[in-house]
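> Fold the stuff below for me.
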Amino acid sequence: MMKVCLNYKVVLLVCFCSTSLSNAADLTRKQVETLLAQADKQHPADLRRKDLKGVDLSGLDFRNADLWGADLRQANFSNSNLKGLTLDLTVMTGINLSHANLANTSIFGVSLMHADLSNTDLSGSRVIAVMDGANLQHANLSNADWAADMKNQSMGLMRANLKGANLTGANLSHAKLGRAMLRHAKLNNANLEQTDLYSADMDGADLTGANLTDANFSESKLHDANFSNTVTIGTRFDGAKNKPDIK
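Alright, predicted model coming up:
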C-alpha cells in the first residue's frame, strides 16, 4: 500500500511539473532580443509557432521576424514595431499592442478579444479577426481593409468582429469595413470620412459626435444606433435597416 501511495504521489508531482513547464514561454525577452539582433530580411528571426505568452516584448523592432502562428496571449508588444508583418493564425487574446506600429500588417484568422490596441497604427492593414471587447481608442485604421472575405464562404462569413469594441476617437477614414460586426461598438468622435460600412451590423453602436462625411452605410443594420451630433454630409444610407432620423 505504501508503494502504491508513493507511486501515486510521484505521478502527481510529474504531472504538476509537466503542466508548469507547458505553461512557460519558449523564449525569454533576452533570447528574443538576441534573435532580433542577428536577423535581417533574408534571415528573419525564427519565432514561428513559438510560445511567447505573457512575455514583455515592449519597444522592440520585429520587422525582421517571423511570428506566423505564434502564441502571443497576454504578451506586451506596446510601442513595438511590427510594420508589414504577416501575423496570420497567431493567438493574440488579451495582447497589449498599445502605441505599436502595425501598419500594412496581415492579421487573418486571429483572436484579438479584449486586446489593447489603443493609439496603435493599423493603417493599410488587412484584418479578419475576432476583436470583441478590444480597446481601439484613438487607433489609426485609415485605408485599412477589414471587409469580409467573400472568397471563403465555405468556412462561414469571415469578417472583422468588433462587438462591443471601443473605437472612441479612432481614425477610420477611407477604411473598408464591409459586413463587419460592430454591434454595440463605441465610435464616439471617430473619423469615418469615406469609410465603407456596406452591410455592416451596427445595431446598438454609439457614433455620437463622429464625422461621417461621405461614409457608406448602405444595407447596414442600424437598430438602436446613436447618431447624435454626427456630421453626415454626403453620407449614404441606401437600403439601411432602421435608418436614423438625422436632421
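
> CA atoms of stretch 29-45 as PDB?
C-alpha atoms of stretch 29-45 as PDB (Å, rounded to 0.1, in the frame of the first residue of the first chain):
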ATOM      1  CA  ARG A  29      12.800  38.600 -23.700                       C
ATOM      2  CA  LYS A  30      16.600  38.400 -23.700                       C
ATOM      3  CA  GLN A  31      16.600  35.500 -26.000                       C
ATOM      4  CA  VAL A  32      14.200  37.300 -28.400                       C
ATOM      5  CA  GLU A  33      16.400  40.400 -28.300                       C
ATOM      6  CA  THR A  34      19.400  38.200 -29.300                       C
ATOM      7  CA  LEU A  35      17.500  36.600 -32.200                       C
ATOM      8  CA  LEU A  36      16.300  40.000 -33.400                       C
ATOM      9  CA  ALA A  37      19.800  41.500 -33.300                       C
ATOM     10  CA  GLN A  38      21.100  38.700 -35.500                       C
ATOM     11  CA  ALA A  39      18.200  38.900 -38.000                       C
ATOM     12  CA  ASP A  40      17.800  40.600 -41.400                       C
ATOM     13  CA  LYS A  41      15.300  40.400 -44.200                       C
ATOM     14  CA  GLN A  42      16.900  37.400 -45.800                       C
ATOM     15  CA  HIS A  43      17.300  35.600 -42.400                       C
ATOM     16  CA  PRO A  44      14.400  36.600 -40.200                       C
ATOM     17  CA  ALA A  45      14.300  35.800 -36.500                       C
END
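
> Identify each buried residue in that stretch, please.
Within stretch 29-45, the residues scored as buried using 16 or more other Cβ atoms under 10 Å are 29, 32, 35-36, 39, 44-45. No exception for glycine: its C-beta is placed from N, CA and C like everyone else's.

> Just give me the closest of those residues to Ala65.
Of all the buried residues of stretch 29-45, Ala65 sits closest to Ala45, with 4.2 Å by Cβ to Cβ.

> residues in contact with that closest one?
Residues in contact with Ala45 (Cβ atoms under 8 Å, 6 or more residues apart in numbering) are 32, 35-36, 38-39, 62, 64-66.

> Give me the pLDDT value at the residue most central in space within the chain.
By Cα atoms, centre = their mean, the chain has its centre lying nearest to Leu112, at 4.4 Å. The model reports Leu112 with a pLDDT of 95.

> Return the distance of it relative to Ala100.
As judged by Cβ to Cβ, to the nearest Å, Leu112 and Ala100 stand 12 Å apart.

> all helices for the protein, in order.
With helices called from DSSP state H, the chain shows them at 2-23, 29-38.

> what about the shortest one, average pLDDT?
Mean per-residue pLDDT for helix 29-38: 98.
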